[in-house]
Structures are given as structure tokens and as C-alpha cells.
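**Student:** Sequence first, then the predicted structure, then my questions.
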Amino acid sequence: MNIWPIHPLRGGVHPPECKTLSNQQPIQTAPLAKQLIVPLLQHLGCSTQALVSVGDDVLKGQLIADSKHFISAAVHAPSSGTVSFIGPQPYPHTSGQLLDAIVIDTDGLDRWCPLEPLANFKEATAAELLEKIRQAGISGLGGAGFPTVVKLSPKADQSIKTLIINGTECEPYITADDVLMREKATQLMLGIDILVHILQPENVLIAIEDNKPEALACVRSALQQRNYYVVAVPTIYPSGGERQLIQILTGKEVPAAQLPAQLGILCQNVGTVVAVHDAIIEGKPLISRITTLTGQALRTPMNVECLVGTPVLELLEFAGLQQAKMSRLIAGGPMMGFTLNALSAPIIKTSNCLLAATAEELPAPPPAMPCIRCGDCAEVCPANLLPQQLHFYALGDDHPQLQAHNLFDCIECGACAYVCPSSIPLVQYYRAAKADIRELEQKQVKSEHAKERFEFRQERLRLEEERKEAERQARAERLAKTKADQAKKAAQAEAAGQQASTADDDVKRLKIAASMAQVALRKAEKQLETHNTEELKSQIEQLRITAEQAKQALAAINAAAPTPAPSKPVDDDLKRLKIAASMAQVTLRKAEKQLATHNTEELQTQVEQLRVNAEQAKHALDAATAAAPTAVEAAGVTEKAAKPELSAAEQALKKAKIEVAMKRAALRKAERAEADAESLAALQTELTQAEQSLAELN
Amino acid sequence: MTLPRITSPHAKGANRTQRVMLLVMAAAVPGILVLSYFFGIGPLLNITLACSFALLFEAAILALRQRPVAFFLKDGSVLVTGLLLALALPPYSPWWLIAVASGFAVVFGKQLFGGLGQNPFNPAMLGYVVVLISFPVEMTAWPAAHSIDVAAGLQYVFFGQALPDGWSQATVLDSLKTNSNLTLQELWDSNPAFGLFAGYSSEWVNLSFLLGGLFLLRKKLFSWHAPVGMLAALFIMSLVFWNGSGSDSHGSPLFHLLSGATMLGAFFIVTDPVSSATSVQGRLIFGVGVGILVYIIRAWGGYPDGVAFAILLMNLCAPTIDYFTRPRTYGHQTAKRGFKTGE
């Protein structure tokens, strides 16, 4: 037989094993409970949803709860009977909180639902086998209860080279894996064959602590012709920790915050492998497990094959519980297990042991003394941390130091607290500190989200304001136009009666407009001094031209004014010039506003806008200067005919241009703010729509 | 029925602070016996007085600090402080000297810093150094071996009566330091204080402390790093600077290993977990530092022995050593070291 080289474990302790208490007799079958409490969440991951309702009859092995999430494990009826309740029920958790469960009143018949065994798994593809494993609801039976199918589906770039079958069972008292390997070695081998068929690893290592000679012998004899390595690893706690076992077997360390798959290694507990065997070869879902019932408060400690959902109390009574002697009930082992304070909680897929301990066995923790920095904790820490430093920093809530001392690499094995001469509950300090840090981190994430939301709202309000401003402008222009039209009509009506006085009035107004254009120009020039950009310069050039033209128009009108005869067209021109002047005003306001934000991209679109405006003003002025001094009526008539149409078209065009500019600006803003793809795409389509309508108008 | 909610681990190793302290005291027994063989009841008087004073001061200041007196007295740490101080002081030290030393050790060296586990300096060494500097006459009055007049000693200890002539004798470290004209051979022949390799009594005392130290090492009370570091450094220093047997000789490596408080320091003081470095590598550095300083003080310093000073100086360095000797955590590429970590 081949020998696989092993490496020493860093640190570790040798607590009294107490394993002979429970491994001296074969696996017993627990009596069927009258009521099975089947929690919807028995694994690490997403909870399942019940697929049955109260009153439904279920068969043994029938799917009763499932989840659409990948990281989840289906739940099956452990025995036949009737669903009597679905809702919060006791749950084996240290918090003692209730959890949703399906309660089945068993009918005692234990009738199976039809099963689909797959005797020749070698003909099935890996995907088919994985699907069957998923359907069987298998999650890790060793400890954390991670869904097995997820572990067996490594990332594409992480092929599994080494498959480790973990039969170390380093926790004191627990012998569930020990007796399983003794009695189900054949199934274990077939289970490994299935995993090998799925993963195609180069090496298969079956690690068993050397304090289980019977299990080692059974597994070795079941090996037959297979080229798997059965490795007897030295007995030391916590050799069975995934990361520790990998270190023992390969000498490699799983990088912090990474999974063993990073090293091409996959670990599976022996119980899980047998469950895989049952699921594939026999078609049976995971509805029962081997649980160690031990502790000196039990008359006959033993290992039982029990159904998931069996209440703890019934099992303990089966093993001869002496309630008066029991001072502590632990789910799991004495190093990492948690205390149960309700005997009504059920066995779940991860329940490997129930330890009913007497006060002599596990005495109440002595009062903690001050740390004397003896360093024993650092010596035994398998993660090579400095537990005493972590303790000091945890006392002081010094989170940066805790993280710098790699608090989150602590696996909470309890070796430090076990050796501490001052009886300091070190692991509890680390758990609390970890919870504190996680909570703070969550709070920080929350507040960052809130900040993001606030900023997004501000941005949205700003865009809204811009849109309103643009609308306001358009409205003002429309109003000016209608006013001009009205004034035109009024002037036409008045023209018959009085002539000279209105002309006088208009000249005055024109003067004001011209001077305002001048002021606008000066202001813009001032702005130019402070923010000298190319766009601004050209904009100011335009303003200057506009002002100049306004001046010229005024001069022309002044020259024309004395002649009273062509008062009507002059009046018409005056109105239009007034519009031009007011537009210059608007331009100014806009320029000022844009300058306040210093946004060059937006300035660009703004300048485009300004150019259109200036162009229009120039057109109007040209027309006015051309029409004013000369032949009046004809021009007046043609103008009157052409202008309304032109202006309507121009209005639409302008509006479309504004629309495009705004959409573009919004999109750029969103891009800069790294908005999500969805909203970017929405903005993009809006922009293209606006551009299309603009193109149509052009 | 309510069952207690207790977090893991539920199993608890047998080691307790009290057991640690008891083992240390037990390991000092061979040393105490050998000292008593050479110096009569002197060392026992020292121990009785020092432990009583230490307990008294500890109880008083715990009461003043409103801490549970009995709970902390039971841990035994103050008895270890008193014991180590008593073993360091010359046998038949006056009661008031012991009172000052143990008072300073317990009150200033330990409790004012926050009590057990909080003191940066080894309390016994602090108390020792205070009286060494303050009362040089009493501190150099080491009695000559076997020449004990118990009655005179008691009178001296309790009533301050003068010691009879020939009572005290310069220690070998002192003799070697002050010697300027004799070769080592001449010195050995002329002075009855010298024994086979070192002092007539000191070599046996040191060997007995070495025995106790090995017992503690076997009991895994501490790792070998600090004591071996110190002894190796002292050995190498004395070997490197061993300039033969002339009148200016600093003594042989064996002389240094078996003289003064070498073994007491190496196995009972340097291994004090509270005031030394915590990491394995740090403890090695700590021990080496002590060894080097002991030799420097013995060879070129103002005092014949330097164990106490060397330890106090290295106590000062311990936190810094710890900063720079953090181990590499499992799964990490490098260790985070230096002052800035975590800031």
C-alpha cells in the first residue's frame, strides 16, 4: 500500500478524547418519533419554501421544501404521515430562536415514495449525478452544512486535483464518523467512486485520525483495488478542520479568505460521502443521519441512525437520559459545540452529536483571571494567531488592530481558551468582536448607500430644474412672440388714427433694449476675464455683434422716425428687435448660469444654443434694417406672411435642439457618475429619440 | 428545565494560574535547600519575611484599589514575587530592607500598573534593584558559607545589631571584579569563596536552580527559548571575551554560567511571562538580550552582577520586540510587523 507523506499541524491540543463512551456498540436505530419537526433551513445558505400545506399526506422521502437558489438544499419528508403544522418551531441553534419548520405527524408505516436508484452511476454524466445530489438535498454532514452540490461544482478555472475525504473526527466525544466508517466502509468507497467520477481528481486521500484503528482497518479492507490513499493522521485537535487537514496532508495553506478549491483541493466529510452513495445508488434523499448520543448523563451512550426532525429529548431518552444529572446539553463536541436549552429542538442534517454532560464532566467555567501573557494560547493556535493580543484589542474594541492581527482568520476552534491558565473565554471575545466589526461594516455600507441615494436625488432635482428652466425659457419666448403679434395687431388698428406717438414710444423701448444688450455684453466680457474659455470668447463675440446690430437698428429707426408715413412696418420691426434684445438678455442669463457650474460639456451645448439665438436675432435685425428705411408696405406684407410660419418652425427646431443637448448632458453625467447599465441604456435611447426628432425637423 | 447557555469551548484544560505559580515555587525548592545548606536559616528567614511583607502589601493595596482581596491573593503570584526577591537578596537581610524591597516590588512594580498581568517590569527585580542602589552596604553583606552564627544573624536581621567579624565575605563575582594583581589561579587558591568552577556555594546554588528550571521546562510551563537564549548568549559572550587567566580576566564561560544569579535569572525571572516578550521568536531575542547585558554589566559595568539590571532593561524592550516578531498567520504570505500595524 502506498504511503502518503504528512506534515505537522501547527499548534493544537490534546483534550481527553472520551470516545470509548459511545463507540463500543454498533449503530442503533432510533425509534420513530410521533412527530417530526423538519426545519426549512438545515444547511448553510438560503432557506427553502414549503411545497406542502397543512393536512397534506406525505410519503417517506417525498420532497416537501425546496429553493430556487443555488446555495440551498432541498428538504424531504423523513417518514410518511400528515403535515400538521408549518411555522416557527424550536431549532438547534445557540440563540434558542424558533425557525420555520414542517411538522409531520408520522403514521408509523414509514411508507417510501417511489425511488429512482441509479445502480450504474458510471454511465451517468457528472451533470446528471450532480442534479441527483442536489435533488437529494445533501449538505455537509460534518459541521457547517454547506450544500454538497455547490462544493462539487468548482469554478471552471479551478479543477480539483486532490479530493480529501475527512474522517478525522478530531472533536472529543464524537464517534459518529468512526462507527460509520466501521459499518459503512463499502458504501463510503462507492460514494468516493461517485465523487471521483464527477470530479476526476488526481489523488484521493482518506484521512482518519490514528485513534480510530478499527475504522482505519475497515476502510483499508474496503479499499480493494482502488488507488486511494488511506492516511492515518496523528491525533491532535483540531486536525479535522478543513484548513488544518489540508495543511497536514499537503503542507499547503489555504490562502486567507479563499476556499481550498483555490489550491485544487476539495474536502468532503465521510458522512456526506455515504449520503451521496445513498442518493445515487439507492435513490434515497438525505432524511437520516448517524448521531452520537454521549455524555455521562446518559445511561447507554451510543450512536443512532435517526431521522432528521426527531426531537432531541426522544433520542436522549432512548439513550437513557438522567435529567437530574445533566448540567449541560451540547449539540456537537465539547470544543466547538453549542449549548441547547430546549430539549424539543429536532435533529437536523448537521447534528453529529448530542453531549449530555454532568457537572463533573464539564464543570462550570471558573472565573476569569487577568491574562499573564503566558503565550500558551499562541503556542496552540492552529492559525498561528496571537490570541492574547487579540484579547487585549477585543477588550479595548480596537477594531483596526484586531483586523491587523487577522481576527477573521480565527477558526474558533477553542484551543486557546482550552489551554488558558487564566480561564479567559477567549473565543467568546473573538466572536463578539467579529460580530461587532461585521455590524459596523454593514452600517457603513448602509450609510454609503444612503449617501449615494442622496446624491442621486440631488442630481435628479438639478436635472429637473434645468428642464424646467428650459421650458420656462421656451414659454417666455412664445409669450413674447404672441405679445408681439398682439402688439402688431393693436398697432395696425391704431395706425389709422394716431401715428407719431407710438413711433416715439417704440424708439424709447428700442433704446432700452439696445442698452441692455450692451450691458449683457459687458457682463459677459467680465465673466470672460475670470473664466477664459474658447466657447465663452466666441459667445461674447456673438453678443458684441448682437449689441452692435441693436445699436445700428436703433440708429436706423431714429433716422426713420421723423417720417411719420411708414409707421406700421417700423412698429413691426421694433417688435422683432425687442425680441432679439430680450433673447440677448436670456443668453446672458444662461451664460451666467452655466459659468456658475463650470461645466465645459454643458457650456458647449449652451453655446450651440446661443449661436442659434444670435443667428435668429441677426436675421431679424437684417430684415429690420433692410426694411426700415425703404419701401415699406411690400416688405411689411411679406414679412407678416412669412414670419409666423418661420418662427413656429424655428421654435420647434430650437426645442428639439434643447432636448438633444439636455439628453446628451444627462447621459454624460450618468456616465461620469458610473450609473448602472440599465439607466445608461435608458438615457441612451432617450437621446437617440431626441436626435431623431431633431433630424426630422432639420 | 433550564439548561445553561455557555459558549464553546466547553472542555477546559487543567492548567491554572495558581498551578503555574505553585509549580514555580516547587521548582525553587532544590535551590532553597542548597542555599540553606550553605547559609543556614538565612534564606528561609528571607523567604518568610519577603513573602509575608509581599502578601501584606498586596492585600493592602488590593483593598485600596477595591479589588477582591482573597480572589487575587489566591492566585499565588505575589508569593512568587516574594520568593524570588528573597532568593535574590543576601541571606540574613535586615527586615526593613526586605520590607522596602517587597513593598516597592508589589506596590510600585505590580499593583500601581494595574495588578497581575499588567506590570511592564518584573516586580521582584524592580524591588531588588531599588534596595541594591539604595542600601549598598547591606546588599553586599553576603555571609560566608557555613560560618553561621544563627543568634548573631537573627539579632542583625531583627534588631540591627552589628554583624560579627568575618561574617560576610565578598562574592566571587565581586572578588574577580576588584582583583587587579592576581592571576585566576592565585585568586582561586587564596580565596576560600572560590569553588571548582565558580563560587564555592554559588556553583551549587546555580546548579540547583538549573535543576528546578529543567523541571519547569519539562512541565511545559515555558518554552526553552528565553532561558536557552540567555544562557547561550552569556556563554558566547564570556567565551568571546575570555582573555585567559590573567589578572584582568573576566572569568571563564563556566564561571559566568555558575555565578551570581545566572540560573535563577534564566529559569525563574527571564521566563516571567508578564514582563517578557510573548512570541516564541520574541522570547528568544529577549533571552539573548538579557544574556548579553548580564555579561556587559559583569565585565565592564559598575556592579558585580547584572542579572536584575539586564532583565529590567530588556523588560523595557519587550513590547517593541513583540511588535517586530509577530508570527505569520495561516494562509497569509507575510507577517505584519512593526509599530504601524493596525493604525
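**Tutor:** Nice, I can see it.

**Student:** which residues in the stretch 301-450 of chain A form helices?
**Tutor:** Along the stretch 301-450 of chain A, counting by DSSP state H, counting those that start in this stretch, helices occupy A:312-318, A:376-380, A:387-395, A:399-404, A:415-419, A:426-497.

**Student:** Among the ones you listed, show me which one is buried the most.
**Tutor:** Mean neighbour count (mean count of other C-beta atoms under 10 Å in any protein chain shown) peaks for helix A:415-419 among these, with a mean of 28. Placement of C-beta: from N, CA and C, glycine included.

**Student:** Identify the residues contacting it?
**Tutor:** With contact meaning C-beta atoms under 8 Å, 6 or more residues apart in numbering or on different chains, helix A:415-419 is reached by A:11-13, A:15, A:237-238, A:335, A:376-382, A:387, A:424-428, B:9, B:11-13, B:15.

**Student:** if we can go back for a sec, wait, which of the helices of the stretch 301-450 of chain A is closest to residue B:337?
**Tutor:** With C-beta to C-beta, the closest approach to residue B:337 among those belongs to helix A:399-404: 10.4 Å.

**Student:** what's the closest one packed up against?
**Tutor:** Packed against helix A:399-404 by the contact rule (3 or more C-beta pairs under 8 Å, 6 or more residues apart in numbering or on different chains; DSSP states H and E) you find helix A:387-395, helix A:426-497.

**Student:** Any chance you could list what contacts the first one?
**Tutor:** If you take C-beta under 8 Å, 6+ apart as the criterion, helix A:387-395 is touched by A:371, A:373, A:375, A:377-378, A:381, A:401-402, A:405, A:407, A:410, A:416, A:424, A:426, A:429-430, A:432-433, B:278, B:322, B:342.

**Student:** Mind doing that once more with 7 Å?
**Tutor:** Applying C-beta atoms under 7 Å, 6 or more residues apart in numbering or on different chains, the external contacts of helix A:387-395 come out as A:371, A:373, A:375, A:377-378, A:381, A:401-402, A:405, A:407, A:416, A:424, A:426, A:429-430, A:433, B:278.

**Student:** now that helix against helix A:426-497, angle please.
**Tutor:** Interaxial angle of helix A:387-395 relative to helix A:426-497 (axes from the mean of the first three to the mean of the last three C-alpha atoms, to 10 degrees): 40 degrees.

**Student:** okay, now the domains of the chain?
**Tutor:** No chain in the question, so chain A it is. With domains defined by automatic domain parsing, chain A comprises A:28-353, A:365-497, A:501-697.

**Student:** not quite, I wanted chain B
**Tutor:** For chain B, automatic domain parsing gives the domain ranges B:16-168, B:170-324.

**Student:** mind putting the ones you listed in TSV, mean neighbour count, distance to chain A and mean pLDDT included?
**Tutor:** Shown next, in TSV, are these (neighbours: other C-beta atoms under 10 Å in any protein chain shown; distance: least, C-beta to the nearest C-beta, whole Å; pLDDT from 0 to 100):
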stretch	mean neighbour count	distance to chain A	mean pLDDT
domain B:16-168	20	4	89
domain B:170-324	20	4	87
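
**Student:** would CSV of those with distance to residue A:31 be doable?
**Tutor:** Below are those laid out as CSV (distance: least, C-beta to C-beta, whole Å):
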stretch, distance to residue A:31
domain B:16-168, 44
domain B:170-324, 48
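
**Student:** Get me the contact residues on the stretch 201-350 of chain A for chain B.
**Tutor:** A:243, A:253-256, A:323, A:328-330, A:334-341 (C-beta under 7 Å from any C-beta of the partner chain).

**Student:** what about 10 Å?
**Tutor:** Selection of the stretch 201-350 of chain A residues close to chain B by C-beta under 10 Å from any C-beta of the partner chain yields A:237, A:243-244, A:247, A:252-258, A:323-324, A:326-330, A:332-343.

**Student:** Narrow these to just the buried residues.
**Tutor:** Among those, those buried by neighbour count (16 or more other C-beta atoms under 10 Å in any protein chain shown) are A:237, A:243-244, A:247, A:252-254, A:326-330, A:332-343.

**Student:** Surely residue B:61 touches residue B:107?
**Tutor:** Yes: using C-beta atoms under 10 Å, residue B:61 makes contact with residue B:107 at a distance of 5.6 Å.

**Student:** Quick check: the residue of the stretch 51-200 of chain A nearest chain B.
**Tutor:** Among all residues of the stretch 51-200 of chain A, residue A:172 sits closest to chain B, at 6.4 Å; criterion: C-beta to the nearest C-beta.

**Student:** wait, that residue sits on residue A:236?
**Tutor:** No: contact criterion C-beta under 10 Å: residue A:172 and residue A:236 do not qualify, at 11.8 Å.

**Student:** tell me, what's touching these two both at once?
**Tutor:** The contact sets of residue A:172 and residue A:236 overlap at A:14, A:15 (C-beta atoms under 10 Å, 6 or more residues apart in numbering or on different chains).

**Student:** Spit out the contact partners of residue B:181.
**Tutor:** Under the criterion of C-beta under 10 Å, 6+ apart, the neighbours of residue B:181 are B:187, B:247, B:248.

**Student:** my read: residue B:16 touches residue A:420, true?
**Tutor:** Yes: the pair residue B:16 / residue A:420 is scored as a contact, 9.3 Å apart, by C-beta under 10 Å.

**Student:** hey, what's in contact with both of those two?
**Tutor:** residue A:369.

**Student:** Can you show me the CA trace of stretch A:483-499 as CSV?
**Tutor:** What follows is stretch A:483-499, C-alpha atoms only, in CSV (Å, rounded to 0.1, in the frame of the first residue of the first chain):
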residue,chain,number,x,y,z
LYS,A,483,-47.3,89.7,-27.4
ALA,A,484,-45.5,90.9,-30.4
ASP,A,485,-48.3,89.6,-32.6
GLN,A,486,-50.9,91.3,-30.4
ALA,A,487,-49.0,94.5,-30.4
LYS,A,488,-48.7,94.3,-34.1
LYS,A,489,-52.5,93.9,-34.4
ALA,A,490,-53.0,96.7,-32.0
ALA,A,491,-50.6,98.9,-33.9
GLN,A,492,-52.4,98.0,-37.1
ALA,A,493,-55.6,99.1,-35.5
GLU,A,494,-54.1,102.3,-34.1
ALA,A,495,-52.2,103.0,-37.3
ALA,A,496,-55.2,104.5,-38.8
GLY,A,497,-55.8,107.0,-36.0
GLN,A,498,-52.7,108.2,-34.5
GLN,A,499,-49.2,107.6,-35.9
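
**Student:** starting at the chain centroid, how far to it?
**Tutor:** 69 Å (C-alpha atoms, centre = their mean, to the nearest Å).

**Student:** Please apply the same query to stretch A:299-314.
**Tutor:** Offset of stretch A:299-314 from its chain centre (C-alpha atoms, centre = their mean): 39 Å.

**Student:** Quick one: end-to-end length of it, please.
**Tutor:** Criterion C-alpha to C-alpha, to the nearest Å; first-to-last residue distance in stretch A:299-314 is 14 Å.

**Student:** Mean confidence (pLDDT) on it, please.
**Tutor:** Regarding stretch A:299-314, the rounded mean pLDDT is 94.

**Student:** What pLDDT is listed against the spatially most central residue of chain A?
**Tutor:** The centre of chain A sits closest to residue A:445, judged by C-alpha atoms, centre = their mean, with a distance of 10.9 Å. Model confidence at residue A:445, given as pLDDT, is 92.
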